[in-house]
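Novice: After the sequence you'll find the predicted model.
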Amino acid sequence: MAQDLFPKPTPKTVTAHDLNGNLFNVTTDKLCLRVGVYGILVNDNNEVLLQRHPSTTLFGLPGGSVEMGESVQETLLREFVEETGLIIKIGKLLAVENDYHTFQEKFCQSVFIFYSVSLVSGQLTGSNGEDVAETRFMSESEITDKLILPVHFPLIKKHLCP
């Protein structure tokens, strides 16, 4: 009966991107679903903490994929420590966004959850040798759409320029 109420949608074509901004047309029946959670940490100089994956020149917010059995809050706390060495406190939910992209050699539809976060303790690490090549704070004047992941850019600009 539920199948009658909610029939499976007909696949459609969407445009996905990779970490370098290359575009791909892919049908929705070929997508995996990914939930990611990210934090915006702004320091006393009004600079936002960003990190860069080794396979790209673009920066994004610290965070990552929710693992099975893990809450989004647990994910954000874990990812911050893994990627930055910092222990954070999770603040206000800022936004929930949708994006189509490549992830671990697959095409995915991602639901991105963004929180404001504050620093509790820790020492900022520059790289974890795995999925982070560089971590640093950037000022508003440094942040451009050519330097930041497309799905993160509008939210960062909005948060730094209220």
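Specialist: Sure, I can see it.
Novice: ok, how many other residues are close to Val48?
Specialist: 24 (other C-beta atoms under 10 Å). In this view, the C-beta of every residue, glycine as well, is placed from N, C-alpha and C.
Novice: Next: His53.
Specialist: Neighbours of His53 (other C-beta under 10 Å): 17.
Novice: which residues does it contact?
Specialist: 19, 60, 131-133 (C-beta atoms under 8 Å, 6 or more residues apart in numbering).
Novice: Now the two most distant members of the residues you listed.
Specialist: Of all pairs drawn from the contacts of His53, the greatest distance, 13.0 Å, lies between Leu19 and Val132 (C-beta to C-beta).
Novice: Can you list the low-confidence ranges for the chain?
Specialist: Flagging of the chain using pLDDT under 70 yields the residue ranges 1-3, 128-129, 161-162.
Novice: quick one, helices of it?
Specialist: Taking DSSP state H as the test, the helices found in the chain are 2-5, 72-84, 153-160.
Novice: Val120: which of the ones you listed is closest?
Specialist: Using C-beta to C-beta, the nearest of those to Val120 is helix 72-84, at 9.8 Å.
Novice: what residues does that closest one touch?
Specialist: Contacts of helix 72-84 (C-beta under 8 Å, 6+ apart): 35, 37-39, 49, 51, 62-67, 70, 86-88, 90, 113, 115, 117, 122, 124-125, 128, 131-132, 135.
Novice: run the last query once more with 7 Å
Specialist: Contact with helix 72-84 is made by 37, 39, 49, 51, 62-64, 66-67, 86-88, 90, 113, 115, 124-125, 128, 132, 135, as judged by C-beta atoms under 7 Å, 6 or more residues apart in numbering.
Novice: Report the beta-bridge partner residues of the most centrally placed residue in the chain.
Specialist: By C-alpha atoms, centre = their mean, the chain has its centre lying nearest to Tyr38, at 5.0 Å. Bridge pairing for Tyr38 (DSSP bridges) gives the partners Gly63, Phe114.
Novice: Use 230 as the first number from now on
Specialist: Got it, the first residue is 230 from now on, which makes the last one we talked about Tyr267.
Novice: so who does it touch?
Specialist: Per C-beta under 7 Å, 6+ apart, neighbours of Tyr267: 290-292, 341, 343.
Novice: before we move on, back to that, of the contacts of His282, keep whichever come out buried.
Specialist: Taking 16 or more other C-beta atoms under 10 Å as the criterion, what is buried in the contacts of His282 is 248, 289, 361-362.
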